[in-house]
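> Curious how this folds, go ahead:
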Amino acid sequence: MTTTIKDLGEIELLNRLKKFMRYGQIDDDLAEINTTNKTLLINTDLLVEKIHFSEKISNAKDIGWKCITTNISDLICSGSENIISFTVGLVLPPNTHWKWVENLYEGMWEAMQEFGGEIIGGDCSCGETKMISITAIGEMKRPRLHRGNALPGDYIVSTGFHGLSRLGLALLTSEQLPSEVQISRELTNRAISAHKRPYPAIKALKALRKCKPESTSWRAAGTDSSDGMLESIRGICQSSNCQAVLSKTSILKDPEWPEDSILDNWILNGGEDYKLILTLPKKWAEAFSKEFKPANIIGFIKEGKPNIFWDSSEPINLEQSSLFQHF
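Predicted coordinates:
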């Protein structure tokens, strides 16, 4: 029987590709290149129409902004705040309007004005579906955040509210919400903005660097919550060969977040929130949560086969059916 990519799923596909890369490379979101004067971090993201973006809910400028900022988020969650440059690969149907392409690049330009970097090249080709491939280059500085750096005793820190982007997607697509759920205008605006114009956690990274206690090493594990908070923590556990214990009462909700089990699941698994998920030595975690107000300690790391538990010892269901699946 022939095995398809759908049969494997994204995680198993990546596991099977490990043999073509150096040890540990696939446990991180990007590549690290050492030059004579500096270390560069390089990240590539591919966005496909009707999977990662839709013109029905986002205009070309918003799509351009998101293409750049999602790549910047991967650089930031690996320790880079000095964004150097981007290359852009485009696949476009022949009937694509020039104005759409121009607006796409204007959105990219707006993001670069905010976070840095410049477009230095790329490629374009013809295809049936719009695809945008961005390669981002940044300069690494300490701490070098990596999913494989967690150790037992570390505290797990989240740098903001989760679920907003998933709620924004539901509102933009007129997805049916539970009848008893009421969404305020303020929450609606925040959620739609979070989905259309995500803002990478560069302020959090700067605060993390600023508040490190002198007695603490620069070792820290990190990723962003682009694939959902639980999936981000799972990735750290898998790469660091450890377990996570989370506190239900410590996972913060937006102040106007409705009480509903479906929406609460979006906090855990919604994705595209682009907050930092970190594991830090205790003193550093405590200093960071004081220095950066949106940061909150939500659990700790312990020894054991990779898994995630609530502090009641209840295992957390990590079945892929609850998460975004590429295939």
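> Could you use CA atoms for every contact and neighbour count after this?
Noted.
> Could you pull up the mean pLDDT of stretch 172-192?
On average, the pLDDT along stretch 172-192 is 93.
> What are the buried residues along it?
Buried residues in stretch 172-192, counted by 16 or more other CA atoms under 10 Å: 172, 187-188, 190-192.
> same thing with stretch 82-100?
By 16+ other CA under 10 Å, the buried positions in stretch 82-100 come out as 82-92.
> Turn the buried residues of stretch 172-192 into TSV, columns for distance to residue 77 and secondary structure.
Below are the buried residues of stretch 172-192 laid out as TSV (distance: CA to CA, whole Å; DSSP: H, G, I helix; E, B strand; the rest coil):
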residue	distance to residue 77	secondary structure
172	28	helix
187	26	helix
188	27	helix
190	22	helix
191	22	helix
192	23	helix
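> So this structure: which segments form each domain?
If you go by automatic domain parsing, the domain ranges for the chain are 5-139, 147-322.
> Quick check: closest non-adjacent residue to the residue nearest the centre of the chain.
When CA atoms, centre = their mean is applied to the chain, the residue found nearest the centroid is residue 226 (2.6 Å). What sits nearest to residue 226 in space, not counting adjacent residues and going by CA to CA, 6 or more residues apart in numbering, is residue 272, at 4.1 Å.
> most tightly surrounded among the domains of the chain?
Mean neighbour count (mean count of other CA atoms under 10 Å) peaks for domain 147-322 among the domains of the chain, with a mean of 19.
> now it, how far from the chain's geometric center?
Domain 147-322 sits 10 Å away from the centroid of its parent chain (CA atoms, centre = their mean, to the nearest Å).
> got it, and stretch 17-34?
Relative to the chain's own centre, stretch 17-34 is displaced by 18 Å; criterion: CA atoms, centre = their mean.
> Please enumerate residues in contact with that stretch?
For stretch 17-34, the surrounding residues in contact (CA atoms under 8 Å, 6 or more residues apart in numbering) are 14-15, 39-44, 74-75, 146-148, 235, 239.
> so for that stretch, what's the average pLDDT?
For stretch 17-34, the mean per-residue pLDDT is 75.
> Span of it from start to end?
23 Å (CA to CA, to the nearest Å).
> Stretch 176-196 too?
First residue to last in stretch 176-196 (CA to CA) measures 20 Å.
> Mark which of the buried residues of stretch 82-100 are part of strands, please.
82-92 (DSSP state E).
> so how far is the host helix or strand of residue 7 off the chain centroid?
Per DSSP states H and E, residue 7 falls inside helix 5-17. Here the centre of helix 5-17 is set off from its chain's centre by 20 Å, with CA atoms, centre = their mean.
> Any chance of JSON lines for the ones in strands among the buried residues of stretch 82-100, columns pLDDT and distance to residue 283?
JSON lines is the format used below for those (pLDDT from 0 to 100; distance: CA to CA, whole Å):
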{"residue": "82", "pLDDT": "94", "distance to residue 283": "26"}
{"residue": "83", "pLDDT": "96", "distance to residue 283": "29"}
{"residue": "84", "pLDDT": "96", "distance to residue 283": "32"}
{"residue": "85", "pLDDT": "97", "distance to residue 283": "35"}
{"residue": "86", "pLDDT": "97", "distance to residue 283": "36"}
{"residue": "87", "pLDDT": "97", "distance to residue 283": "39"}
{"residue": "88", "pLDDT": "97", "distance to residue 283": "41"}
{"residue": "89", "pLDDT": "97", "distance to residue 283": "43"}
{"residue": "90", "pLDDT": "97", "distance to residue 283": "46"}
{"residue": "91", "pLDDT": "97", "distance to residue 283": "48"}
{"residue": "92", "pLDDT": "97", "distance to residue 283": "50"}
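> Using CSV, lay out the residues you listed together with distance to residue 315.
Output for those, formatted as CSV (distance: CA to CA, whole Å):
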residue, distance to residue 315
82, 39
83, 39
84, 42
85, 42
86, 41
87, 42
88, 42
89, 42
90, 43
91, 43
92, 45
